[in-house]
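>>> just coords:
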């Protein structure tokens with residue numbers, strides 16, 4: 001039976017993500033990843049010649065998981081999607097309110113700790129947030145055109161502020177300062193201020 005190389009790479013990268021979630025990336029040696037994946041160190045090194053290559057591959061997979069979660073939330077918000085429903089769904093999907101989102105948030109936090117001083121990791125770790133900010137800004141701009149958002153609001157600054165707020169709320173949930181529901185209430189308050197009370 002031929003080896004499925006992509007499946008093997010995924011198995012190894014997901015082992016690294018599990019370690020990042022539970023222990024942090026400082027514990028994710030190639031040997032630890034091999035043990036978590038149930039494969040030999042040599043096999044890990046065959047698929048990923050450096051730890052940085054493994055970190056970057058796993059980070060891309062984490063981004064794909066977050067994107068899939070955001071897509072599910074946007075689809076569940078109803079059709080046709082509106083700027084408000086899209087912005088609300090995306091920001092809600094990021095908040096750590098269930099097991100999946102807590103895992104994703106903890107794993108991203110592990111990456112953010114690691115990227116300090118590593119330009120290659122920093123570039124990839126900030127690519128998805130930059131794209132997301134741009135997308136949210138366009139949604140807010142569309143809401144301005146339809147009269148849902150005040151014309152004096154700067155869509156770019158507003159999107160950056162909302163995403164920063166959600167990241168901060170996520171940290172406060174993980175740190176035990178507030179529950180996921182309380183964080184969601186804060187987000188809803190700010191979205192109501194931006195878009196007006198839902199009709």
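Structure received. Just so it is clear, the model here is predicted, and its values are computed rather than measured.
>>> and residue 149, helix, strand or coil?
coil (DSSP: H, G, I helix; E, B strand; the rest coil).
>>> tally of neighbours for it?
Using other Cβ atoms under 10 Å, residue 149 is surrounded by 22 other residues. Heads up, the C-betas are built off the backbone N, CA and C, glycines and all.
>>> got phi/psi on it?
phi -120, psi 140 (degrees, to the nearest 10).
>>> before we move on, what about the one 4 residues further on?
Dihedral angles phi and psi of residue 153 (degrees, to the nearest 10) take the values phi -70, psi 140.
>>> ok, it touching residue 144?
Yes: counting by Cβ atoms under 8 Å, residue 153 does reach residue 144; the two are 6.8 Å apart.
>>> quick one, which of those two is more surrounded?
With neighbours defined as other Cβ under 10 Å, residue 153 and residue 144 compare such that residue 144 has more, 18 against 14.
>>> now name the helix or strand holding that one.
Element membership for residue 144 (DSSP states H and E) is helix 119-145.
>>> packing partners of that helix?
Judged by 3 or more Cβ pairs under 8 Å, 6 or more residues apart in numbering; DSSP states H and E, helix 119-145 is in contact with helix 51-76, helix 83-94, helix 99-115, helix 155-174.
>>> may I ask which helix or strand of this protein has the lowest mean pLDDT?
The helix or strand of the chain with the lowest confidence, counting by mean pLDDT, DSSP states H and E, is helix 119-145 at a mean of 87.
>>> how far off centre is that helix?
Distance of helix 119-145 from the chain centroid (Cα atoms, centre = their mean, to the nearest Å) equals 12 Å.
>>> that helix: which residues count as buried?
Using 16 or more other Cβ atoms under 10 Å as the test for burial, helix 119-145 gives 121, 124-125, 128, 132-133, 136-137, 139-144.
>>> from residue 105, how far off is the most centrally placed residue in the chain?
When the chain is reduced to its mean C-alpha position, the nearest residue by Cα atoms, centre = their mean turns out to be residue 66, at 4.8 Å. Residue 66 sits 9 Å away from residue 105, going by Cβ to Cβ, to the nearest Å.
>>> can you check which residues contact both of these two?
residue 94 (Cβ atoms under 8 Å, 6 or more residues apart in numbering).
>>> outline the domain layout of the protein.
1-49, 62-194 (automatic domain parsing).
>>> make TSV out of the buried residues of helix 119-145 and add distance to residue 97.
As requested, the buried residues of helix 119-145 are exported to TSV (distance: Cβ to Cβ, whole Å):
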residue	distance to residue 97
121	27
124	26
125	23
128	20
132	18
133	21
136	19
137	24
139	21
140	23
141	28
142	26
143	24
144	29
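>>> now the two most distant members of those.
For those, the farthest-apart pair by Cβ to Cβ is 121 and 144; their separation is 35.6 Å.
>>> before we move on, the earlier item: what angle separates the least confident helix or strand of the chain from helix 51-76?
For helix 119-145 against helix 51-76, the angle by axes from the mean of the first three to the mean of the last three Cα atoms, to 10 degrees is 20 degrees.
>>> now helix 119-145 against helix 99-115, angle please.
Using the same axes, to 10 degrees, the inter-axis angle of helix 119-145 relative to helix 99-115 is 130 degrees.
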